[in-house]
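Colleague: With the sequence up front, the predicted model follows.
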Amino acid sequence: MITEKMDLDRELDNFRQKSNRSVQLLREAGVVVDTTEWLTIKRYAERYGVSTQVVTNWINRGVIPADCVMELPELNNLRLVKNQAYR
C-alpha cells in the first residue's frame, strides 16, 4: 500500500514548468502549432468516436495523408493529426 501523499500543487507546478519549456523549445525551433487545427491521436480519436489504434492504422495506411500528420521531435516525437474527418 502506498502511504506517501502527493503534493498536488507541487505536481501541477512541475507540469506547468515542463509544458512551458516544451512550448518555448518549439518556438525557438520556429514551430507554431495551432491547437484548434491539430489534435493528439488520443484527442482525435475521442472527438471522432474511433479508437487510437484506428487512427494509428489510418496514418500508417495513408488514409490520413502525410501532410495532415505532424511529428514533434522536441516532444518525444508526439504525433498530431489535423482536425478534420478522414472517412
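Modeller: The structure has been received and is ready for your questions. Every value quoted in this text rests on a predicted model; they were computed, and no experiment measured them.
Colleague: What are the buried residues along the helix or strand residue 16 falls within?
Modeller: Counting by DSSP states H and E, the element that carries residue 16 is helix 8-28. Buried residues in helix 8-28, defined by neighbour count with 16 or more other Cβ atoms under 10 Å: none. C-beta coordinates here come from the backbone N, C-alpha and C atoms, glycine included.
Colleague: could you point out which element follows it?
Modeller: strand 38-40.
Colleague: Going by contacts, tell me the helices and strands next to the next helix or strand along the chain from that next one.
Modeller: Next helix or strand after strand 38-40 toward the C-terminus (DSSP H and E): helix 41-48. Packing contacts for helix 41-48, counted by 3 or more Cβ pairs under 8 Å, 6 or more residues apart in numbering; DSSP states H and E, involve helix 52-61, strand 78-82.
Colleague: Find the centremost residue of the protein, please.
Modeller: The centre of the chain sits closest to residue 40, judged by Cα atoms, centre = their mean, with a distance of 3.5 Å.
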